[in-house]
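[1] Compute the structure for the input listed below.
(one chain, ligands or ions: 1)
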Amino acid sequence: MPAKRKDTPHFWAIIDALPIAVLLKDTAKPEIFANQQALQLLGLEPSQQVLSLSDIRHIELTEPDSNEVLGLVQNPLLLALGGSSLHQVVYLNQNQFRVQLESRLIQLSFTLSKSVLIVLKPEQPHDIAAARQSSTHEVSELEEALAFDKLISLISAELINVQPEDLDTHIDDALTALGEFCHADRSYVFLFHDDMTLMSNTHEWVRAGISSHKDHLQNMPEASQPYIWQVLQTEHVFAASDIEQLPAAAALEKQEFRKEDIQSILCSAMYSQGQLIGFVGCDMVARKRAWTNSDIRRLKLVGNMIGNTIQNVNYRLSLKQMQQELLRANRELQELASRDGLTGIANRRHFDLVLQQELNRCARLHLPLGLIMVDIDYFKSYNDSYGHLAGDDALKQVAQQLLQTVKRQGELVARYGGEEFAIIVPGCSKAELCLLLEKLRSRIEQLAIAHSKAPTNQLTISLGASLTEPDKHTSSSELINEADTALYRAKAQGRNQAEVILPAENSRQVSAIKNDN
Ligand SMILES: Nc1nc2c(ncn2[C@@H]2O[C@H](COP(=O)(O)OP(=O)(O)OP(=O)(O)O)[C@@H](O)[C@H]2O)c(=O)[nH]1
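    From the prediction side, this is the model:
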């Protein structure tokens, strides 16, 4: 049930059940309510009772005689939704129904706002001629101005939340409305480039049979049209009812206008955040035209609307860009905060987080969890013999070897502190853990980093591991303590070897993996 129907359910139920097709729009709200008859007539789903303007725009309507599809400007549904009084016969394309449209503004006694009610009447063929006659009556200038304003307000209502990808379509719609209502031959938008030295014709509407020059009007330097550029900046509107009457200073413009067969031209500056960003304009090609105040008013209206929309879209784009930059900076910061500065592998902070996560996960899934503590042997004397920088380099090499050996998903190698590393090995069996320990030990041995003060004459590591089947009571410090105890034993038993504490029926079983050398 659409939210707005909750306020006055009886009213909506009555409208819904009416035997005539009704579209109802609260002038203050964007949604349009369609009753069941209207949905059926428009070929829409019975459940789609709340329509948007876009839904309406996509309904194809044709002229009864010419069978021409009605464009945006002549679309009687849109005009009626804008509040224009209409009595018009059109065809609905999907089933060739003849539909008569009527709209009127009604004041509902139990709602706060004005609403537009549109009645759609399927027509009998013999009624069409009479209905058409009434619809072709000359529309007075006032009515036309009203219809234009309503159409523009409908378009601008859609523009408020326009997405960047829909901007071009909406500007094209506005130019179509402008061109048709001003009876112009062309309507267009020019935008200045960021540095204000060039301008380009970005959007254009041309009447059928009139030539387009958009492709040639790209990247035009200020010097090629200096007069119009200056007039727009100082007076905001450039109006020439006869281009031949333009002053000598407009010689370059006249040359360009003749090339495009322009007889009369009207342009209005567009602003975004108070900055001139371009202009919107109309050309007369077929005949000269004395521009009226209402032409200028319409042009300014469309120019303001497009300028505001471009501003909105630019705000949105820069907001999106800023959000993306913030997210990236955040990710980089997070990444930095979880890395060890010297070795580039995970740091203690990240290790603590991951160990707790893995502990919880393994307890939940009843998986074993292995934890290995690694300590470089005789590292103090290595530093003393070879210097602190060589010590740093050895630490980096060891870290890289550990990282390359421990590669399974979910496993983590971290620098625990000083010359000590910690490795989390979730879901591994006792045999797998023992194999990994030996692999790690031998990899460091194979690095063959000379260490004259060590009994083996090279840099080695000792490893202590714990293997647990954690439950929700197991703590990370328990695991670390067990692995540390195992490491202490490996050191005590001669170094360059590994020791594991395994789970065994309520007690711990100790197993040593000795270096055979
Ligand atoms: N170069 C360098 N040395 C470090 C770093 N962090 C810790 N160390 C050194 O690592 C050494 C660790 O020495 P000890 O804890 O005495 O252990 P050990 O000499 O390796 O002896 P065992 O562990 O018993 O084999 C100390 O000399 C620390 O200064 C580091 O970032 N860079």
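
[2] Which residues of the protein lie near the ligand?
    342, 375-381, 383, 388, 391-392, 395, 418-419, 491, 495 (Cβ under 6 Å from any ligand atom). Bear in mind the C-beta positions are built from the backbone N, C-alpha and C, glycine included.

[3] Buried subset of those residues, written for ChimeraX?
    Selection of buried members from the residues of the chain next to the ligand for ChimeraX, criterion 16 or more other Cβ atoms under 10 Å:
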select :375,376,377,378,379,383,391,395,419,491,495
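
[4] Next step: the residues of the chain next to the ligand restricted to helices.
    379, 380, 381, 383, 388, 391, 392, 395, 491 (DSSP state H).

[5] Adding pLDDT and distance to residue 414 as columns, could you present the residues you listed in a markdown table?
    Output for these, formatted as a markdown table (pLDDT from 0 to 100; distance: Cβ to Cβ, whole Å):
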| residue | pLDDT | distance to residue 414 |
| --- | --- | --- |
| 379 | 97 | 18 |
| 380 | 97 | 22 |
| 381 | 97 | 25 |
| 383 | 97 | 21 |
| 388 | 96 | 22 |
| 391 | 97 | 19 |
| 392 | 97 | 17 |
| 395 | 98 | 13 |
| 491 | 97 | 20 |
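
[6] show me what contacts residue 475?
    Residues in contact with residue 475, defined by Cβ atoms under 8 Å, 6 or more residues apart in numbering, are residue 359.

[7] And it, how close does it get to residue 482?
    As judged by Cβ to Cβ, to the nearest Å, residue 475 and residue 482 stand 11 Å apart.

[8] Generate JSON lines for the ones in helices among the residues of the chain next to the ligand, with distance to residue 364 as supplementary columns.
    Below are these laid out as JSON lines (distance: Cβ to Cβ, whole Å):
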{"residue": "379", "distance to residue 364": "38"}
{"residue": "380", "distance to residue 364": "42"}
{"residue": "381", "distance to residue 364": "45"}
{"residue": "383", "distance to residue 364": "43"}
{"residue": "388", "distance to residue 364": "44"}
{"residue": "391", "distance to residue 364": "41"}
{"residue": "392", "distance to residue 364": "40"}
{"residue": "395", "distance to residue 364": "35"}
{"residue": "491", "distance to residue 364": "34"}
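
[9] Quick check: the closest residue to the ligand within the chain vs residue 419, distance?
    Closest residue of the chain to the ligand, Cβ to the nearest ligand atom: residue 391 (2.5 Å). Relative to residue 419, residue 391 is positioned 8 Å away (Cβ to Cβ).

[10] Now do the shared contacts for those two.
    Residues touching both residue 391 and residue 419 by Cβ under 8 Å, 6+ apart: residue 379.

[11] in what helix or strand does residue 268 lie?
    strand 264-272 (DSSP states H and E).

[12] Could you list the low-pLDDT ranges of the protein?
    Along the chain, the parts satisfying pLDDT under 70 run over 1-9, 94-96, 105-115, 122-146, 158, 504-517.

[13] end-to-end on stretch 192-209?
    28 Å (Cα to Cα, to the nearest Å).

[14] my guess is residue 43 meets residue 60, correct?
    No - using Cβ atoms under 8 Å, residue 43 is not in contact with residue 60, being 10.0 Å away.

[15] Which strands or helices does the strand holding residue 268 pack on?
    helix 226-235, strand 237-240, strand 275-284, helix 293-337 (3 or more Cβ pairs under 8 Å, 6 or more residues apart in numbering; DSSP states H and E).

[16] Quick one: distance of that strand to the chain centre.
    Relative to its parent chain, strand 264-272 has a centroid offset of 31 Å by Cα atoms, centre = their mean, to the nearest Å.

[17] what does it contact?
    189, 228, 232-233, 236-243, 257, 276-284, 288-291, 295-296, 299-300, 302-304, 306-308, 310-311, 314.

[18] okay, stretch 41-49 in PDB with CA atoms only?
    Output of stretch 41-49 as PDB, limited to C-alpha atoms (Å, rounded to 0.1, in the frame of the first residue of the first chain):
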ATOM      1  CA  LEU A  41      -6.300   1.800 -19.900                       C
ATOM      2  CA  LEU A  42      -2.600   2.700 -19.800                       C
ATOM      3  CA  GLY A  43      -1.500  -0.900 -19.900                       C
ATOM      4  CA  LEU A  44       0.200  -0.800 -16.500                       C
ATOM      5  CA  GLU A  45       0.400  -3.400 -13.800                       C
ATOM      6  CA  PRO A  46      -2.600  -3.300 -11.400                       C
ATOM      7  CA  SER A  47      -0.200  -3.100  -8.400                       C
ATOM      8  CA  GLN A  48       1.600   0.000  -9.800                       C
ATOM      9  CA  GLN A  49      -0.800   2.500  -8.400                       C
END
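
[19] which parts of that stretch are buried?
    Neighbour-count burial for stretch 41-49 [16+ other Cβ under 10 Å]: 41, 42, 44, 49.

[20] how does this protein divide into domains?
    Per the record, the chain has its domains at 3-137, 156-317, 348-513, by automatic domain parsing.

[21] ok, the residue of the chain positioned farthest from its centre to residue 381 distance?
    Centroid-distance maximum for the chain: residue 455 at 63.0 Å, with Cα atoms, centre = their mean. According to Cβ to Cβ, residue 455 and residue 381 sit 11 Å apart.

[22] Good, we can wrap up now.
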